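Chemist: Got a predicted structure plus its sequence, pasted below:
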Amino acid sequence: MTLFLPKYHVLENSVKPQVGIMTLDVCLTSVTIRWFITSGICTKSLFRVSLMAVSSERFFMGRQPILDRNQEIIGYELLFRSADMDHAVFDDYSNAATTVITHALSSFGMHEVLGEKFGFVNVPLSLLLSEMLELMPIGQTVLELLEIIELDEQVIQRCRELKELGFLLALDDHEYDESNDEIYYLVDIIKIDILLTDIKTLPEIVRNLRKYSVKLLAEKVETVEQFNLCYEMGFDLFQGYFFARPVVLNRRKIDVSGLALLKLLQQLTMGASLELIEMTFKENPGLSYNLLKLVNSVALGMREKIKTLRHAILLIGMNPLRRWTQLSLFSGHDARSMNNPLLELAAVRGRLMEIMLKQLVGRNANDEQAEAAFMVGILSLLDVLFETPMDEIITNLNLNDDVSSALLRREGQLGKMLVLAEKLEVTDFDAVTLLLDECGVSLEQLLTAQLEAFNWRSSIIHDED
């Protein structure tokens, strides 16, 4: 990857004397930044900085959603771990840990992973003090100062510099201490691990931190009860998978739009006639309206006017219509629409599984196999969406045995891939390592599939806009 330094004014093909040329050497044990002071006339080519990464460096990447009080996704915490490094070494946040982060971020653009959302990145002291940090996208990156960093004058001064550059700052797994008054005025977000904090002390901690212009983020929110408790206390942001936990005790009736979509999905899965599919749209005006919006969004530039609902269905095609129906189960469920975190998980799961299956089968993969993999990923969260047991939901969908076994019991090739996707979501990299072998997928293939799935998910949002 080639980077251009924006700091210096360029006149024609020359720059002023005494310009610092930065070269970045990324190796397996450290990140070294060297400045060479030059004099005389320099060509533009000297401004190009080649970031050379060791090709053997292999890493896992995880992405955890961060939600606001409306339970809409505002960003992701990005987590990296070397596949070639002992776990204990990584947890020590040595220079080697810095290498994993910098190498990972140099291997792809932040936009590929985040879309338009914020990216929260754990920053050890070595990276915090490094010029490398300034190459991350300003305005989109939230730098999380690890709890092991001593908040001394050197760190505070560095935070001032980063704030002036436009970076957002957060304190990770922080414990309130009134002596940290100076840093509290600098940072934008304070993250509190609710599992490591005495629940009785949380209200007072929140009151003390409200004196500062910071947003409070509750970490490790794993149940709806924990979310409600933190919400009532006044937390602004939430990180954890409380929104993806099945809740079947307070079962609710599936609404009319949900029933219509499930009926449509059943028809598309069973290969129903065009007449029956058209009738389902006619019986549901909201569904018909969304179909027409879909046609207009994917067929821009078509001069042919849409004549009838049947004409619109034919223009879309059955496979794209089935995929749209699966996604609409989540996006149309409530006011959050495309920012529903369940849609995020389901869409990425589906696309990830589809790509991995194509990687495995190669040219022999047919549309039916790819659609089955996508369907398993998408439908795997319907029990959470409708707060109803999975077996009840899929009873009438007429799914084939491979898809049903994967959804109900996590069995078969598709079942293993689904478990792999689930473990990846919660950054259980040890389990992912074992599942990669079982699924026959390499780490490189997994990372490629992740990036493509993230990109595809972002494109859905842009199409909706």
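Modeler: Now that the structure is in, tell me what you want to look at. Numbering: from 1, shown residues only.

Chemist: pLDDT at residue 445, what is it?
Modeler: The score at residue 445 is 94. That number is its pLDDT.

Chemist: from here on, count from 26
Modeler: I'll keep to 26 as the first residue from here, and by that count the last item is residue 470.

Chemist: so what's it up against?
Modeler: 381, 384 (C-beta atoms under 8 Å, 6 or more residues apart in numbering). Just so you know, the C-beta spots here come from the backbone N, C-alpha and C atoms, and that holds for glycine as well.

Chemist: Kindly provide the distance from it to residue 149.
Modeler: 29 Å (C-beta to C-beta, to the nearest Å).

Chemist: Roughly how far does residue 481 sit from residue 198?
Modeler: From residue 481 to residue 198 the distance is 33 Å (C-beta to C-beta).

Chemist: so the closest residue to residue 245 other than its chain neighbours, which of the three states?
Modeler: Counting by C-beta to C-beta, 6 or more residues apart in numbering, residue 220 is the residue found nearest to residue 245 once chain neighbours are left out, at 4.4 Å. What DSSP: H, G, I helix; E, B strand; the rest coil gives for residue 220 is coil.

Chemist: Need the phi and psi values for residue 220.
Modeler: Here is the backbone geometry of residue 220 (degrees, to the nearest 10): phi -80, psi -20.

Chemist: Using PDB, write down the CA coordinates of the helix or strand in which residue 380 is found.
Modeler: Following DSSP states H and E, one finds residue 380 within helix 366-386. Extracted C-alpha coordinates of helix 366-386, given in PDB (Å, rounded to 0.1, in the frame of the first residue of the first chain):
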ATOM      1  CA  PRO A 366     -28.100  -4.700  14.600                       C
ATOM      2  CA  LEU A 367     -29.900  -8.000  13.900                       C
ATOM      3  CA  LEU A 368     -29.900  -7.200  10.200                       C
ATOM      4  CA  GLU A 369     -26.200  -6.400  10.400                       C
ATOM      5  CA  LEU A 370     -25.500  -9.800  11.900                       C
ATOM      6  CA  ALA A 371     -27.800 -11.700   9.700                       C
ATOM      7  CA  ALA A 372     -26.600 -10.000   6.400                       C
ATOM      8  CA  VAL A 373     -22.900 -10.500   7.200                       C
ATOM      9  CA  ARG A 374     -23.500 -14.100   8.300                       C
ATOM     10  CA  GLY A 375     -25.400 -14.900   5.100                       C
ATOM     11  CA  ARG A 376     -22.900 -13.300   2.800                       C
ATOM     12  CA  LEU A 377     -19.900 -14.700   4.700                       C
ATOM     13  CA  MET A 378     -21.300 -18.300   4.400                       C
ATOM     14  CA  GLU A 379     -22.100 -17.900   0.800                       C
ATOM     15  CA  ILE A 380     -18.600 -16.700  -0.100                       C
ATOM     16  CA  MET A 381     -16.900 -19.500   2.000                       C
ATOM     17  CA  LEU A 382     -19.000 -22.100   0.300                       C
ATOM     18  CA  LYS A 383     -18.000 -20.800  -3.100                       C
ATOM     19  CA  GLN A 384     -14.300 -20.800  -2.000                       C
ATOM     20  CA  LEU A 385     -14.700 -24.500  -1.000                       C
ATOM     21  CA  VAL A 386     -16.600 -25.700  -4.000                       C
END
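
Chemist: any idea how far residue 452 is from residue 165?
Modeler: Taking C-beta to C-beta, one finds residue 165 at 21 Å from residue 452.

Chemist: what's the answer for residue 473, then?
Modeler: For residue 473, the distance to residue 452 - C-beta to C-beta - is 18 Å.

Chemist: Compare the two (neighbour count), which wins?
Modeler: residue 452 (18 against 15; other C-beta atoms under 10 Å).

Chemist: Do I have it right that that one meets residue 105?
Modeler: No - counting by C-beta atoms under 8 Å, residue 452 stays clear of residue 105, with 9.6 Å between them.
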